[in-house]
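Colleague: Okay, sequence plus prediction incoming.
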Amino acid sequence: MKLTINSIQREDVFCAEFANLTENNVIDFSNKKIAVLYGPNGTGKTSLALAFNQDKGTKYSIKIDQDYHTETDSKFAHVISDQNGRNIIAGSTEDFILGDNIKKEYELKQKIESGFRELFEVKLIAYLKNSFGITTKSFGTEELISNISLRYFSSDLANIKSKGKGIDRERFIAAMETLYHINEPECDEAKFKYFASDYNSKTSIIKKLIELKINLIQKEEELRKIEESNDAIRILEKYDYLNDCIVCDTGITHETLLNRKKELNSKSIQSLSTQSKMIVQEIIEKVDYSNAFSIKKIMENTLNSGTPEKLEELIEEINLYKEIYSIRINNLFFNEATDSELIDIYNEHKRIALEKPEFESEDIIFIEQFLSENLGRKIELSRDADQNLKLLLAEREFLNKERSSLMLSNGEQNFLSLSFELLKAKKVEQQFIVLDDPISSFDSIYKNKIAYAIIKFLSNKKSIILTHNTDLIKLLEHQQPNSFSLFFLNNTPDEVNGLIAVTPKETKLLIYLHEFINFLRGDTASEIVNEKAFLISIVPFMRGYCQITNNIESKNKLTQLMHGYKTETVNVSKIYRDIFSNTVIKDDHEISAADIIDFDMDNVSILRDEEYPLLNKTLIHTLNYLYLRLSVESKLVAKFNINTNKFDMLSSIILASFNNTTDENRRNRAFFLSRKTLLNEFNHFEVDMNIFQPAIDITNRALRKERLDILGRLNEL
């Protein structure tokens, strides 16, 4: 897999070349899963991470294999910010815990949630409304549902404010487990639909039928007159503009005839019994002849004949539909619960939730043990009242909490937040994980653990690590040899910019001290283009090497070249031959501090750039550091007549030179004591013999500016 950056812009951070990168722009992940992008402070590492995260003001065009991505597409990378961007460990427990049992528990939990959501909010509500006429919390067919639980569930589901939220899931599952499928009698679907709709109506005709007293049924001779007068009244009211009968064309007095028909109708109704009168007004007049149960026709025949047999048959049929209604409600809940498999899923989750939760993933166990053993803090899983899993640190929740509230040191906070960000990254959909300065501010214990975590946790991802710390590069190599490709990120106008690949040869020199020393003993010979410059630039390293090998004589001689007020001349070639090899340096170079101060620093090159460009850059930087340090010491000692027996170190010389409280002295003290190139005491050579850092922790452009500023200030004194 190859990632190619064709262009990237974020405000004015990146120089012009990044708007159209055609070289130094490819990261090839075909052999290694990690790409380390090393860059000094100020080169735009964080801006690069923010750009990948589609931060405001970002534009980019990136190709991953054959697919193009821009800032308007979904993110191709998951970005883990530096410590300043990790104030809160955001997410829920399931974002971080990966054990099989716990993973299964969350999968079951998700199935339960989606299952109930589908059942309550979609299926049951729709069926209850469309098939059973249940649309409100209180409904007419409540009395027909014999199962009290199903009656309650139907009411809560139909409640527009609740929609099932008031149903206790434990109770629901328990009720579903008692159900079974009931065979229902055959029925007419049109009749069932009418029955369900009418029975839920506040003016239900069916309920009035059921309430009739059969023994009070009697023949009503006036019923036909009522029907006739009703028809006549409807016609007269409909055609109120006619003065002729619409049947025989005989002239009529419309209003007189209408009033007479209404009077006749009223007298006929008044002649009916109380029950018959109700039947006419509340049943017969409320339905039409197309009614599914033929209620109008049956009731008219019943009153005309005075015999209740057809009415009794109708009521018996209605009672059958009452039974069918109850059966169908039962079968609806039974079938939907069965089809959803919610009962089995719920019970399996309940069984797992009763077990004590334990970490299974090796990754979280690693974090747990490290925190417990080294920090005295315990991470554990617990369950809340609803059996949901919670991650606790020292018995307190820490996810989505501000780090300052966790009662941890800054290092502990950083380790905890980064570890959990790595756990989360393991689960994200993006294949690329970008880490911005992951080990900043960590001590050695944390750095080593973080390097392990990066390699272990993200083994299934492609990682891009942005750093300015060579310690991380070494730690990654020690945790898993040959696990990464190294690039030097350069972003300086008028220089070669982009992601400059560091060759495997140079990577070895950077990581392994013995490889670098072996290089000084042999392969260096064919790479040197300026022997004198090479020897001067290597003086601080050689002095540190002599110190740790107890070569005190050579160490003391080299010390003469590391202070600008010294006057001794040293045969550096001889020392090099004595401690490294007599086949590398061809000429003898007698060098003094004054020679270094007088050295032409413009356009200097030390090694050939083809094989060792990073080392060449490093040596040039070291040469500049030494040159500036000696220049400042020499000028200050001479101008202010400093006693170097008493004030022999640069910092003490600066303080002695500007030892009063005038504004000018304060400004000069602050200026010289704050310069990066002067603050470097080359202690790193005597501690870990790292020639690369901090010599390359400043860009070429920044180094040139600092050199001009320092030399300019010296000339002003």
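Modeller: Arrived safely.
Colleague: so where's the stretch 1-150 of the chain shaky on pLDDT?
Modeller: 97-101 (pLDDT under 70).
Colleague: now do 90
Modeller: 11-12, 30-31, 39-42, 56-57, 81-110 (pLDDT under 90).
Colleague: Got the domain ranges for the protein?
Modeller: 2-99+359-501, 102-186+326-349, 189-322, 506-716 (automatic domain parsing).
Colleague: Could you tell me the least trusted of the ones you listed?
Modeller: Lowest mean pLDDT within the domains of the chain: domain 189-322, a mean of 82.
Colleague: residues in contact with the longest strand along the chain?
Modeller: The single longest strand within the chain, with elements called by DSSP state E, is strand 2-10. With contacts defined as C-beta atoms under 8 Å, 6 or more residues apart in numbering, strand 2-10 is touched by 14, 18-21, 25-30, 44, 47-48, 50-51, 55, 57-65, 432, 462, 464, 498-499. Just so you know, the C-beta spots here come from the backbone N, C-alpha and C atoms, and that holds for glycine as well.
Colleague: Adding mean neighbour count, write the domains of the chain out as a markdown table.
Modeller: Below are those laid out as a markdown table (neighbours: other C-beta atoms under 10 Å):
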| stretch | mean neighbour count |
| --- | --- |
| domain 2-99+359-501 | 18 |
| domain 102-186+326-349 | 16 |
| domain 189-322 | 15 |
| domain 506-716 | 17 |
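Colleague: which residues of the stretch 551-700 of the chain fall in helices?
Modeller: Ranges of helices in the stretch 551-700 of the chain, per DSSP state H, counting those that start in this stretch, are 552-559, 572-579, 593-597, 613-640, 650-657, 663-674, 676-679, 683-687, 700-716.
Colleague: now these in CSV, with distance to M407?
Modeller: Output for the helices of the stretch 551-700 of the chain, formatted as CSV (distance: least, C-beta to C-beta, whole Å):
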stretch, distance to M407
helix 552-559, 48
helix 572-579, 52
helix 593-597, 53
helix 613-640, 42
helix 650-657, 38
helix 663-674, 36
helix 676-679, 35
helix 683-687, 33
helix 700-716, 40
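Colleague: Look up phi and psi at the nearest residue to K401 once chain neighbours are set aside.
Modeller: Leaving aside its sequence neighbours, K401 sits nearest to I88 (C-beta to C-beta, 6 or more residues apart in numbering; 6.8 Å). I88 has phi and psi values of phi -130, psi 140 when expressed as degrees, to the nearest 10.
Colleague: Now do the contacts for I88.
Modeller: Counting by C-beta under 8 Å, 6+ apart, I88 has contacts 400-403.
Colleague: again, but for A190
Modeller: Contacts of A190 by C-beta under 8 Å, 6+ apart are A292.
Colleague: In a strand, it, correct?
Modeller: No - assessed with DSSP: H, G, I helix; E, B strand; the rest coil, A190 is helix; it does not lie in a strand.
Colleague: Show me the contacts of strand 2-10 that map onto strands.
Modeller: Per DSSP E, the subset of the contacts of strand 2-10 in strands is 26-28, 58-64, 432, 462, 464, 498-499.
Colleague: Next, the angle strand 58-64 makes with the longest strand of the chain.
Modeller: 170 degrees (axes from the mean of the first three to the mean of the last three C-alpha atoms, to 10 degrees).
Colleague: Now tell me what touches whichever strand or helix holds L476 from outside.
Modeller: For L476, the host element (DSSP states H and E) is helix 470-479. Contacts with helix 470-479, where a contact means C-beta under 8 Å, 6+ apart, come from 34, 36, 38, 438-439, 447-448, 450-452, 454-455, 465, 467, 483-484, 486, 507, 510-511, 690, 692-693.
Colleague: Find the nearest non-adjacent residue to G498, please.
Modeller: Using C-beta to C-beta, 6+ apart, the nearest residue to G498 is N24, at 3.0 Å.
Colleague: who's in contact with that neighbour?
Modeller: 490, 496-501.
Colleague: Need the max-distance pair from these.
Modeller: N497 and A501 (13.3 Å; C-beta to C-beta).
Colleague: For beta bridges, what are the partners of the residue nearest to K401?
Modeller: E402 (DSSP bridges).
Colleague: From S7, how far out is it?
Modeller: 33 Å (C-beta to C-beta, to the nearest Å).
Colleague: And E263, by the same measure?
Modeller: 95 Å.
Colleague: what do you get for L678?
Modeller: 38 Å.
Colleague: Kindly report the same for N215.
Modeller: 95 Å.
Colleague: cool, S146 as well?
Modeller: 72 Å.
Colleague: repeat for A353
Modeller: In terms of C-beta to C-beta, A353 sits 51 Å off from S7.
Colleague: try L389
Modeller: Taking C-beta to C-beta, one finds L389 at 45 Å from S7.
Colleague: Tell me the one among the contacts of I88 nearest to K137.
Modeller: For the contacts of I88, the nearest to K137 is N400 (36.7 Å; C-beta to C-beta).
Colleague: Tell me the secondary structure at that closest one.
Modeller: N400 is classified as coil under three-state DSSP.
Colleague: if I read this right, it contacts N87, doesn't it?
Modeller: No - using C-beta atoms under 8 Å, N400 is not in contact with N87; the gap is 10.9 Å.
Colleague: still on that earlier bit, between the contacts of N24, which is closest to Q270?
Modeller: Nearest to Q270 among the contacts of N24, with distances taken as C-beta to C-beta, is L499, at 102.5 Å.
Colleague: Verify the stated contact: that closest one with F487.
Modeller: Yes - counting by C-beta under 8 Å, L499 does reach F487; the two are 4.3 Å apart.
Colleague: what is in contact with the two at once?
Modeller: 27, 37.
Colleague: before we move on, back to that, send the alpha carbons of the helix holding L476 over as PDB?
Modeller: This file holds the C-alpha atoms of helix 470-479, laid out as PDB (Å, rounded to 0.1, in the frame of the first residue of the first chain):
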ATOM      1  CA  THR A 470      15.200  10.200  18.200                       C
ATOM      2  CA  ASP A 471      14.500   8.300  21.400                       C
ATOM      3  CA  LEU A 472      11.200   7.100  19.900                       C
ATOM      4  CA  ILE A 473      13.000   5.900  16.700                       C
ATOM      5  CA  LYS A 474      15.400   3.900  18.800                       C
ATOM      6  CA  LEU A 475      12.700   2.500  21.100                       C
ATOM      7  CA  LEU A 476      10.600   1.400  18.100                       C
ATOM      8  CA  GLU A 477      13.600  -0.400  16.700                       C
ATOM      9  CA  HIS A 478      14.400  -2.100  20.000                       C
ATOM     10  CA  GLN A 479      10.800  -3.200  20.500                       C
END
